[in-house]
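K.L.:
The following comprises the amino acid sequence and a computationally predicted model.
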Amino acid sequence: MPIIRMKDIRTMSSEDRKKKIVELRTELVRLKTMVKAGGSLDNPSRIRELRKTIARILTVENEEIPVEKKKK
């Protein structure tokens, strides 16, 4: 189950999406650090979910950039 659904991501403002990315990335770094330190996670698939959610948010952000701006 995704952390945030695409429908919810598309309804967020750009500023909210940026805040959410920062929040998710900090959680991802924290979980990766725990794994590197030899600790065990309650839910190891959470790392994968976080990576996919970050990718979804970034995809929506890039879709909203006008085509002309991409060409420059």
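P.N.:
Arrived safely.

K.L.:
Give me the most central residue, this protein.
P.N.:
By CA atoms, centre = their mean, the chain has its centre lying nearest to I54, at 1.6 Å.

K.L.:
That one and E23 touch, don't they?
P.N.:
No: using CB atoms under 8 Å, I54 makes no contact with E23, being 10.1 Å away. Any C-beta I mention is one placed from the backbone N, CA and C, and that applies to glycine too.

K.L.:
What residues does R5 make contact with?
P.N.:
For R5, no contacting residues are found, by CB atoms under 8 Å, 6 or more residues apart in numbering.

K.L.:
quick one: the closest residue to the residue nearest to the centre of the chain other than its chain neighbours from I4, how far?
P.N.:
Closest residue in space to I54, ignoring its immediate chain neighbours: L24 at 5.3 Å, by CB to CB, 6 or more residues apart in numbering. Counting by CB to CB, to the nearest Å, the gap between L24 and I4 amounts to 9 Å.

K.L.:
who has more neighbours, these two?
P.N.:
Neighbours were counted for L24 and for I4 using other CB atoms under 10 Å; L24 has more, 18 against 15.

K.L.:
can I assume that one is in contact with I9?
P.N.:
No: between L24 and I9 there is no contact under CB under 8 Å: 11.5 Å.

K.L.:
what do those two both touch?
P.N.:
I57.

K.L.:
Model confidence for the spatially closest residue to E49 that is not a sequence neighbour, exactly?
P.N.:
Spatial nearest neighbour of E49, excluding adjacent residues (CB to CB, 6+ apart): I3 at 5.5 Å. Reported pLDDT at I3 in the predicted model: 83.

K.L.:
Specify the local secondary structure of I3.
P.N.:
Using DSSP: H, G, I helix; E, B strand; the rest coil, the structure places I3 in coil.
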